[in-house]
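1. predicted model follows, preceded by the sequence.
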Amino acid sequence: MFMNLIKSIKSLYLSPVKFLLQTFLFGLLYTSILRFVFYLYFLEQSGDSNFRDIAKSFLTGIRFDTVVVLTLLLPVILFFLLASVIFQIKLKRNFEKYSLITYLTTIFSLFTIFHLSDISFFANFDSRLNYLAYEYVGEGNMVMDMIILQPQYYVVIASWIILTLLFYRFFKNRHRVIEQDKLSDRKDVLIYFMILIFSLAGIRGTFGIAPLDWGTAYISQNHFINQMTLNPIYTLTRSIQEDNFDPRLSYLRENERFRFVNFSEALKTTQDMLSARNETLLDSLNSIYRTKFQPRAKFSFEPNIVLIIMESFSARNIGALGSAKQLTPYFDSLAADGILFNNFYSASNRSNYGLGALLCSFPAMPGRAILKRYNAMHPFLSFSEILKRRNYYNGFLYGGDISFDNMQGFFRQKGYDKFWGDDNFDDSLNFSKWGIPDHILFDQAGLIIDSLPRPFQLTIFTLSNHEPFDLPDSSLMKHFDNLDSSKEFNGMIYSDHALGKFMKEVKKVFKRPIIAKLAPNVTDISAIALAAEQGGADALAIINSLIGTSIDIETNKPVLTNNNGGLTGPAIKPIALAMVNIVYNKCRLPIIGIGGISNYSDVVEFLLCGATAVQIGTALFVDPFLPLKIIDDLKKYLKKKKLGSVNELIGQVRKY
């Protein structure tokens with residue numbers, strides 16, 4: 001009786017939906033078995049990896065297997081949808097039977113041969129199948145000889161043939177699924193469309209903004225475990241796509257794609273751009289290869305480093321770089337207090353190119369970004385790898401999906417120890433489609449900094465200053481129309497404010513006083529002074545040098561090889577006095593007056609305009625003992641004026 005029941009169950013027709021599900025699950029099971037074979041073959045390379053890493057590799061690998069299996073099953077899904085639901089075609093049984101059996105047998109036969117070939121490929125190249133395998137196919141007899149001479153060649157071929165026959169038998173037994181006059185009724189159209197939608201989502205590998213990328217497989221410090229997570233068919237097709245991908249090919253004619261120049265001219269231009277102090281070109285006629293002498297650090301400790309990368313923080317909107325829009329007062333105050341590179345250029349027009357340039361000094365190249373290339377060589381050192389050699393702990397914080405543009409996958413290989421993205425924070429913090437806003441990101445950064453081992457380097461990548469420029473509220477908005485430029489300006493204002501707030505918090509744990517030195521080459525120095533005060537500065541130094549130049553009338557060239565330079569000395573004193581007084585009347589911070597001081601009367605002028613102290617620079621080249629003389633003369637002046645202290649002079653200028 002039991003056997004009769006089994007026969008009755010076996011004789012039942014499976015619905016197309018059940019057939020698709022069975023085939024999909026069979027595909028995942030088979031690819032997992034092949035991954036297990038791969039693991040056993042290279043067992044020694046797993047090293048001391050624990051069970052957790054191995055299990056995570058297999059579970060994450062299912063995501064890559066899902067992409068491959070669903071992609072190859074997509075024609076079958078469309079077959080059922082178009083033939084059965086839309087057109088309601090009554091197909092001949094033999095056509096149904098053999099076309100489906102042939103296609104599925106071919107798929108799983110290819111699964112087998114690709115995975116078996118991948119074992120040999122990995123043994124030689126330490127990588128899953130990639131574009132290199134595709135290139136070798138064109139080598140003809142040489143490659144064939146390499147394959148045939150492999151000791152396991154005949155065993156592999158025999159195994160492949162046997163498995164192919166078993167696949168044929170298996171799918172032949174499943175052909176009852178379409179042994180019906182009609183495969184489906186119109187009422188099932190919704191089911192098929194749902195299957196199609198979920199299949200397309202599965203092919204993307206995620207429901208997030210960005211599709212699954214190879215970097216998701218980098219779950220361990222062990223290279224073999226990471227490679228085992230990948231699917232060789234995925235890596236092969238992905239790398240072929242990468243090597244042939246350049247969006248310009250679709251809309252530009254060949255002579256419009258690139259502007260080529262003479263090699264010597266290009267080499268000279270590149271050498272001029274890259275050459276820096278302490279560097280020596282080794283082959284100036286043919287390459288940019290050079291050596292660099294790196295002097296020892298001036299301090300004996302390893303400082304903790306926080307590297308902040310501001311999304312779309314364009315130079316054209318930054319006051320310290322000449323913008324008159326007054327969008328970035330906090331950044332401008334930081335620039336005045338630190339080192340501002342004013343000959344610094346954008347590496348690309350997208351973040352995934354720019355990150356590679358900023359953190360790896362790898363310029364943007366035509367085609368796919370280096371972050372997203374699976375089989376790309378990495379002939380460069382990253383910022384984090386250099387610090388890793390100095391025993392730094394490297395962290396990467398991003399307010400959105402840390403896997404977006406393969407950031408985590410790429411930088412995990414480049415020396416970063418830990419990553420934080422929106423998945424690490426409460427869902428209620430997410431504000432826009434990209435993730436959490438900058439001010440919350442900086443708040444989280446403060447908490448992370450407290451927990452990091454020393455010394456550390458934390459890279460913070462912001463996201464709020466990006467379309468659609470969603471802001472947490474309107475309190476900082478200054479532009480209320482709906483123009484794209486206004487949204488961009490408001491985004492800059494908000495991001496700048498978030499940066500300033502973060503720096504103020506950092507200052508609370510920074511024990512040394514912060515003195516912000518303000519540049520005079522701005523439209524409103526008082527706005528920058530106020531921003532520095534709100535940002536946590538302890539004092540202001542006013543002013544830095546002015547921009548100046550001088551021209552050689554015989555050569556018509558600037559006298560300075562840098563074209564422009566800093567103007568200091570007595571010539572700038574009237575400007576410095578005016579700016580000290582302007583800031584004194586707007587800001588409560590003590591001011592160090594700078595600019596053209598060469599005697600005690602100059603000092604008195606600065607004190608009367610509001611300076612608490614003064615700094616002497618250029619005049620010391622004439623008389624190194626000038627400060628001592630000025631102190632003596634000041635004492636005589638105070639006695640003459642019957643004043644007990646220089647403090648009685650501060651801010652006492654009488655205006656008309």
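-> Received it, and whenever you're ready, just let me know what you need.

2. C-alpha from now on. contacts and neighbour counts both.
-> OK.

3. start to end distance for stretch 582-595?
-> This stretch, stretch 582-595, spans 15 Å end to end (CA to CA, to the nearest Å).

4. if you count neighbours, what's buried in that stretch?
-> Neighbour-count burial for stretch 582-595 flags I582, V583, Y584, C587, L589, P590, I591, I592, G593, I594, G595 (criterion: 16 or more other CA atoms under 10 Å).

5. residue contacts, the third one?
-> Shown here is Y584, whose contacts under the criterion CA atoms under 8 Å, 6 or more residues apart in numbering are I591, C609, G610, A611, G651.

6. and if we set it to 7 Å?
-> Listed by CA atoms under 7 Å, 6 or more residues apart in numbering, the contact set of Y584 reads G610.

7. circling back: quick one: which of the buried residues of stretch 582-595 is nearest Y494?
-> C587 (22.5 Å; CA to CA).

8. surely the closest one touches L530?
-> Yes: counting by CA atoms under 7 Å, L530 is a contact partner of C587 at 6.1 Å.

9. can you map out the helices along the stretch 51-200 of the chain?
-> Secondary structure of the stretch 51-200 of the chain (DSSP state H, counting those that start in this stretch): helices at 51-79, 93-125, 131-137, 141-148, 153-173, 189-204.

10. do you know which of those lies nearest S361?
-> helix 131-137 (25.1 Å).

11. quick check: E385 touching K414?
-> Yes: counting by CA under 7 Å, E385 touches K414, with 5.9 Å between them.

12. picking up where we left off before, in helices, which of the buried residues of stretch 582-595 appear?
-> I582, V583, Y584 (DSSP state H).

13. dump the residue contacts of the closest residue in space to the first one that isn't next to it in sequence.
-> With CA to CA, 6 or more residues apart in numbering as the criterion, I582 has its nearest non-adjacent residue at 6.7 Å, and that residue is S526. The neighbours of S526, taking CA under 7 Å, 6+ apart as the test, are I582, V583, K586.

14. show me which of the residues you listed is closest to F480.
-> K586 (27.6 Å).

15. got phi/psi on the closest one?
-> Note on K586: its backbone torsions stand at phi -120, psi -20 [degrees, to the nearest 10].

16. again, but for I553
-> phi -70, psi -10.

17. just the mean pLDDT for whichever strand or helix holds L21, thanks.
-> Assigned by DSSP states H and E, L21 belongs to helix 16-41. Regarding helix 16-41, the rounded mean pLDDT is 87.

18. how about it: buried residues?
-> Buried residues in helix 16-41 (16+ other CA under 10 Å): 16-17, 19-20, 23-24, 27-28, 30-32, 34-35, 38-39.

19. same thing with stretch 45-54?
-> Buried, per 16+ other CA under 10 Å, within stretch 45-54: S46, D53, I54.

20. with just CA atoms, put that stretch into CSV.
-> C-alpha atoms of stretch 45-54 as CSV (Å, rounded to 0.1, in the frame of the first residue of the first chain):
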residue,chain,number,x,y,z
GLN,A,45,44.9,27.3,2.2
SER,A,46,42.1,27.8,4.7
GLY,A,47,44.8,28.1,7.3
ASP,A,48,43.5,28.7,10.8
SER,A,49,40.2,30.0,9.7
ASN,A,50,37.5,29.2,12.2
PHE,A,51,34.1,27.5,11.5
ARG,A,52,32.3,30.8,11.7
ASP,A,53,34.3,32.3,8.8
ILE,A,54,33.8,29.1,6.7
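
21. what's that stretch in contact with?
-> With CA under 7 Å, 6+ apart as the criterion, stretch 45-54 contacts S220, F224, I225.

22. center of this protein, which residue is that?
-> L355 (4.0 Å; CA atoms, centre = their mean).

23. got a list of contacts for the helix or strand hosting that one?
-> Per DSSP H and E, L355 falls inside helix 351-360. Identification of contacts with helix 351-360 by CA under 7 Å, 6+ apart yields 347-348, 362-364, 369-371, 380-383, 405.

24. and the following helix or strand past that helix, which residues are buried?
-> Moving toward the C-terminus from helix 351-360, the first helix or strand encountered (DSSP H and E) is helix 383-388. Residues F383, S384, E385, L387, K388 are the ones in helix 383-388 that count as buried (16+ other CA under 10 Å).

25. need the CA coordinates for helix 383-388. CSV is fine.
-> Below are the C-alpha coordinates for helix 383-388, written out as CSV (Å, rounded to 0.1, in the frame of the first residue of the first chain):
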residue,chain,number,x,y,z
PHE,A,383,46.9,55.6,2.7
SER,A,384,45.7,53.0,5.2
GLU,A,385,48.3,50.4,4.1
ILE,A,386,51.1,52.9,4.8
LEU,A,387,49.7,53.6,8.2
LYS,A,388,49.2,49.9,8.8
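
26. other SSEs contacting that helix?
-> For helix 383-388, there is no helix or strand it packs on, judged by 3 or more CA pairs under 7 Å, 6 or more residues apart in numbering; DSSP states H and E.

27. so how far is it off the chain centroid?
-> Chain-centre distance of helix 383-388: 16 Å, with CA atoms, centre = their mean, to the nearest Å.
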